[in-house]
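[1] could you look at this predicted model? Sequence included:
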There are 2 protein chains.
Amino acid sequence: MDLRKISRDSAQTLANYLTYQAVRVVLDQLTETNPPQSLWLREFSAQISFQQGSEDYLQHLMQANQELAFRIMTVRDHLATNIPEFLPEMVRSQVQEANLQQRKVFFERLTQTPLGPEVIHPEVH
Amino acid sequence: MDLRKISRDSAQTLANYLTYQAVRVVLDQLTETNPPQSLWLREFSAQISFQQGSEDYLQHLMQANQELAFRIMTVRDHLATNIPEFLPEMVRSQVQEANLQQRKVFFERLTQTPLGPEVIHPEVH
């Protein structure tokens, strides 16, 4: 497995995700300060999805409303700057905790009192 | 904006993404070592998508093929353990670079020689 590539792709995924979060932050702000523009951005975001990537979304927005595009770029810069240094440690803990939970559920299923086959499929006998 | 929540959600997104990458790693390995099982996992993953979250995917896989589920869990643990400490710095650089690119494209468009309306819509005149 190519750990270097996976790390690069993870960083890219996270950058995309922060752009999505920046759009949400701006939407929340607009809902308070400028409801019609909030509605407009909501509709725009429903049409131009993030499926092509957040840069494509921003390029389209730049042409439709450059002020909002710049605002989202400023917010994502702020989010990226304030991502905690210990984020990798958070991910490690989450994965280990999730693995533990999966194992727990599995072994609980394995050790729970099983219904005999005669109860499940009485017609077999 | 709630930076603490955004950080938590970012870690969760990254944990999900590493599970997806772990599935890809195992798929690649199986393609080499056990093509029929690779095909089976590919079909399973097409049916049970990640849209419900990676834990839901793993729970279903645990019931269908516990060996593969445990294998993916081991790989994602390995990926999470080896995520570089400087990932937040990578994300920061990516966002700043992407913002720079967006601004560059915007200002290039702004300063490029415009085509007059008579060239674009000659029928108007």
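    Arrived safely. Note that the structure is a prediction, hence the values are computed from the model and not measured.

[2] low-confidence ranges in chain A?
    Residues of chain A that meet the criterion pLDDT under 70 lie in A:113-125.

[3] find the centremost residue of it, please.
    Nearest to the centroid of the C-alpha atoms of chain A, with distances taken as C-alpha atoms, centre = their mean, sits A:Tyr17, at 5.8 Å.

[4] what number of residues lie near the closest residue to it other than its chain neighbours?
    What sits nearest to A:Tyr17 in space, not counting adjacent residues and going by C-beta to C-beta, 6 or more residues apart in numbering or on different chains, is B:Thr13, at 5.0 Å. (Each C-beta comes from the backbone N, C-alpha and C, glycine too.) Per other C-beta atoms under 10 Å in any protein chain shown, the neighbour tally for B:Thr13 reads 19.

[5] what helices or strands is the longest helix seen in chain A leaning on?
    Of all the segments assigned as helix in chain A under DSSP state H, the longest by residue count is helix A:3-33. Applying 3 or more C-beta pairs under 8 Å, 6 or more residues apart in numbering or on different chains; DSSP states H and E, one finds that helix A:3-33 makes contact with helix A:35-47, helix A:54-64, helix A:66-81, helix B:3-33, helix B:87-111.

[6] gap between the nearest residue to A:Ile72 once chain neighbours are set aside and A:Gln12?
    The spatially closest residue to A:Ile72, leaving aside those adjacent along the chain, is A:Ala22, at 4.9 Å (C-beta to C-beta, 6+ apart). Between A:Ala22 and A:Gln12 the computed distance is 16 Å (C-beta to C-beta, to the nearest Å).

[7] those two - which one has more neighbours?
    Ranked by neighbour count (other C-beta under 10 Å), A:Ala22 and A:Gln12 place A:Ala22 first, with 25 against 17.

[8] quick one: residues contacting that one.
    Residues touching A:Ala22, when contacts are defined by C-beta atoms under 8 Å, 6 or more residues apart in numbering or on different chains, comprise A:Ile72, A:Met73, A:Val75, A:Arg76, A:Leu79.

[9] out of those residues, which comes closest to A:Pro88?
    When the contacts of A:Ala22 are compared for distance to A:Pro88, the smallest value, 16.8 Å, is given by A:Leu79; criterion: C-beta to C-beta.

[10] OK, contacts around that closest one?
    By C-beta under 8 Å, 6+ apart, the contact set of A:Leu79 is A:Leu18, A:Gln21, A:Ala22, A:Val25, B:Met1, B:Leu3, B:Ile6, B:Val95.

[11] got a list of what the residue lying closest to A:Met1 once chain neighbours are set aside touches?
    Counting by C-beta to C-beta, 6+ apart, the nearest residue to A:Met1 once its immediate chain neighbours are dropped is B:Val25, at 4.6 Å. By C-beta under 8 Å, 6+ apart, the contact list for B:Val25 reads A:Met1, B:Val75, B:Leu79.

[12] for A:Asp77, same thing?
    If you count contacts by C-beta under 8 Å, 6+ apart, then A:Asp77 has B:Val95, B:Gln96, B:Asn99 around it.
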